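Novice: Here is a sequence with its predicted model. Questions after.
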Amino acid sequence: MASGAASYDALLRDAAVALTAAGIDNTRFEARLLLAHAAGVTIEWLVAHGGEAAPLAVAEALRELTARRIRREPMAYVVGEREFWGLSFKVSPAVLVPRPDSETLIEAALALIPGRAEPWRILDLGVGSGCLLLTLLREFPNARGVGMDASAAALAVAEANAEALGVASRLRLVEGDWRQPGWVERLAGPFDLLVSNPPYVETAAIAGLMPDVARFEPHLALDGGPDGLVAYRAISGEAARLVVPGGRVLIEAGEGQAAEISALLSTEGFVPGRPWKDLGGIDRIVPATH
Ligand code: GLN
């Protein structure tokens with residue numbers, strides 16, 4: 001009777017109650033994701049089998065995952081993946097969690113770059129999980145990509161994602177840091193398209209971000225220096241050497257930064273275009289043509 005194992009539905013309820021008590025939103029949805037991950041099944045499977053008794057190991061795994069989420073670890077790290085542009089990306093605490101706002105960069109690339117079948121050469125500075133570059137390699141099936149990151153652990157995540165998404169043969173990953181001299185030479189350019197979602201948060205503002213972000217995401221991927229623009233200066237300062245004449249830059253901007261980034265790029269001989277807005281109406285992607 002009562003001593004039997006709990007059903008999946010009962011575990012789901014308990015996890016949702018615990019998440020709600022901890023002040024987390026969307027708890028029903030998150031609890032479902034955690035349970036699916038703990039049980040190694042899909043959400044659809046859970047809906048069909050919710051009344052069945054769950055193995056004790058699943059209950060135990062769910063308790064551990066729920067405790068991590070209650071400590072505000074981002075959901076994507078807890079379950080080890082995040083969807084971006086309809087593709088599944090593995091993530092670890094070495095990489096920024098892919099965000100829906102960054103999908104705006106993919107939209108802009110598809111609208112601005114003619115010829116899906118062309119053998120474009122694409123560079124991603126600060127490649128992280130690879131969500132931008134690998135998505136572009138999927139959308140442009142003859143393109144080749146170079147992804148640079150200062151973090152070897154991030155490059156390992158990008159490599160695993162490239163394998164899983166079937167684009168590894170068109171990708172080269174380079175460990176490099178735009179804060180150190182000599183990084184441009186290692187990239188073997190030039191490129192038709194330069195993309196980047198560099199760190200852009202003002203150093204002093206990081207502590208005030210949501211705890212999920214401030215405490216768990218890599219500061220290397222967030223910290224844009226005292227005014228948030230340090231990475232943009234480094235990247236725009238070399239962009240003319242990296243991008244062919246007529247080639248393009250698409251760069252993600254923090255809120256309120258698009259005008260300054262456009263100005264930096266025009267100083268280097270680029271013609272900036274109208275920024276692309278994200279779903280929240282923020283100028284998110286700065287396009288520029290060389
Ligand atoms: N979009 C991230 C945030 O919300 C910042 C990412 C970045 O610095 N590139 O905090």
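Specialist: On my side now, so go ahead.

Novice: ok, so what distance separates residue 171 from the ligand?
Specialist: Distance, residue 171 to the ligand, using C-beta to the nearest ligand atom, to the nearest Å: 21 Å. Where C-beta positions appear, they are placed from N, C-alpha and C, glycine not excepted.

Novice: swap in residue 132?
Specialist: As for residue 132, its distance to the ligand is 11 Å (criterion: C-beta to the nearest ligand atom).

Novice: For that residue, the count of nearby residues, please.
Specialist: Using other C-beta atoms under 10 Å, residue 132 has 29 neighbouring residues.

Novice: so it touches residue 195, yeah?
Specialist: Yes. Under the criterion of C-beta atoms under 8 Å, residue 132 makes contact with residue 195 at 5.2 Å.

Novice: residues bridging contact with these two, i.e. touching both?
Specialist: 105, 124 (C-beta atoms under 8 Å, 6 or more residues apart in numbering).

Novice: For the stretch 1-150 of the chain, what lies in contact range of the ligand?
Specialist: By C-beta under 6 Å from any ligand atom, the residues of the stretch 1-150 of the chain that approach the ligand are 96, 99.

Novice: In terms of helices and strands, where is residue 32?
Specialist: Using DSSP states H and E, residue 32 sits within helix 27-39.

Novice: ok now that helix, how far from the chain's centre?
Specialist: 21 Å (C-alpha atoms, centre = their mean, to the nearest Å).

Novice: avg pLDDT for it?
Specialist: For helix 27-39, the mean pLDDT works out to 96.

Novice: Near residue 209, how many other residues are there?
Specialist: Residue 209: 13 neighbours (other C-beta under 10 Å).

Novice: how close does it sit to residue 53?
Specialist: Distance from residue 209 to residue 53, counting by C-beta to C-beta, to the nearest Å: 41 Å.

Novice: Any idea which residue is closest to the centre of this structure?
Specialist: Geometric centre of the chain, nearest residue: residue 98, 2.3 Å, by C-alpha atoms, centre = their mean.

Novice: Could you look up the SS state of that one?
Specialist: Counting by DSSP: H, G, I helix; E, B strand; the rest coil, the backbone at residue 98 sits in coil.

Novice: which ones are touching it?
Specialist: Residues in contact with residue 98 (C-beta under 8 Å, 6+ apart) are 76, 82, 83, 84, 89, 91, 129, 131.

Novice: Run through the stretch 1-150 of the chain and note the low-pLDDT ranges.
Specialist: Across the stretch 1-150 of the chain, the ranges flagged by pLDDT under 70 are 1-4.

Novice: Please enumerate the helices of it.
Specialist: 8-21, 27-39, 43-49, 56-70, 75-79, 103-112, 131-139 (DSSP state H, counting those that start in this stretch).

Novice: where does the stretch 151-290 of the chain dip in pLDDT?
Specialist: In the stretch 151-290 of the chain, no residues with pLDDT under 70.
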